[in-house]
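**Student:** Have a look at this prediction, sequence included:
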Amino acid sequence: STLTGLTVNDSIATLEDNTFTYTLTNSEDVLLPTLAFTGEVADQAQLIQWGEETKADGFATRIAAITNYAEDGSSTDYTLELRRPLDTNNTLADLLVGGNTIAAFNANKTDYTYHLASTTKQLPDLQPIAGSSLQHIATSFADSTMTIVVTPESGEATTYTVRFVTDLSEDVTLANINVE
């Protein structure tokens, strides 16, 4: 019931003392990988029990307990330590105001001013578009300013601000005059 090899997403994992280790290169590889086992003999089966992902030292790690069963019923236990780098993307992919990209959007630009017509009664919808599926985005609004905080798994946040400014009316005509 001995394993001699393991591939993770078609790449070879390292085996030492019944522990396989493999580091994924893409931080967004959060789905369980495809595993292929090579055994000492062909008629073997595996039971895999995945643990929860933990985060430390710039990596997310998930441990899998693997029991390899031989045809005669004997078994050997293995461990797979699957690591991936924590996502560091702390920028937005887009910033929409009223369904359209805000003027001059650039992921590295963090301060914006959005001009509203003097007749505007309601602020347009503002929608931050995540640059990564692993980001946490928090928004708050105060004093005509929307604040957007984008925090990646690695923790170093970026704060975007959108200031809403109401433009003065260019209409200088007198609307009504009453003489008594």
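**Tutor:** Looks like it came in fine.
**Student:** Just the pLDDT at Thr76, thanks.
**Tutor:** Per-residue confidence at Thr76 stands at 94 (pLDDT).
**Student:** For the residue nearest in space to the middle of the chain, give me its contacts.
**Tutor:** Of all residues in the chain, the one closest to the mean position by C-alpha atoms, centre = their mean is Leu134, 1.4 Å from it. Applying C-beta atoms under 8 Å, 6 or more residues apart in numbering, we find Leu134 in contact with 27-28, 30, 87, 89, 152-153. The way it works is simple: take the backbone N, C-alpha and C, and place the C-beta from them, glycine included.
**Student:** Can you redo the residues you listed as TSV, where the extra columns are secondary structure and pLDDT?
**Tutor:** Putting these into TSV (DSSP: H, G, I helix; E, B strand; the rest coil; pLDDT from 0 to 100) gives the following:
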residue	secondary structure	pLDDT
Ser27	coil	83
Glu28	coil	82
Val30	coil	78
Asp87	coil	94
Asn89	coil	96
Pro152	coil	96
Glu153	coil	92
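**Student:** Dump the residues you listed into JSON lines; add neighbour count and distance to Asn100 as well.
**Tutor:** JSON lines is the format used below for those (neighbours: other C-beta atoms under 10 Å; distance: C-beta to C-beta, whole Å):
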{"residue": "Ser27", "neighbour count": "21", "distance to Asn100": "30"}
{"residue": "Glu28", "neighbour count": "14", "distance to Asn100": "27"}
{"residue": "Val30", "neighbour count": "15", "distance to Asn100": "31"}
{"residue": "Asp87", "neighbour count": "19", "distance to Asn100": "27"}
{"residue": "Asn89", "neighbour count": "20", "distance to Asn100": "23"}
{"residue": "Pro152", "neighbour count": "21", "distance to Asn100": "26"}
{"residue": "Glu153", "neighbour count": "22", "distance to Asn100": "30"}
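**Student:** With distance to Ala70 added, can I get those residues in a markdown table?
**Tutor:** Shown next, in a markdown table, are those (distance: C-beta to C-beta, whole Å):
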| residue | distance to Ala70 |
| --- | --- |
| Ser27 | 37 |
| Glu28 | 37 |
| Val30 | 33 |
| Asp87 | 40 |
| Asn89 | 45 |
| Pro152 | 44 |
| Glu153 | 40 |
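**Student:** quick one, helices of this structure?
**Tutor:** Here the chain has no helices by DSSP state H.
**Student:** so where's it shaky on pLDDT?
**Tutor:** 169-175 (pLDDT under 70).
**Student:** and if we set it to 90?
**Tutor:** 1-2, 25-32, 39-43, 70-73, 117-123, 155, 166-180 (pLDDT under 90).
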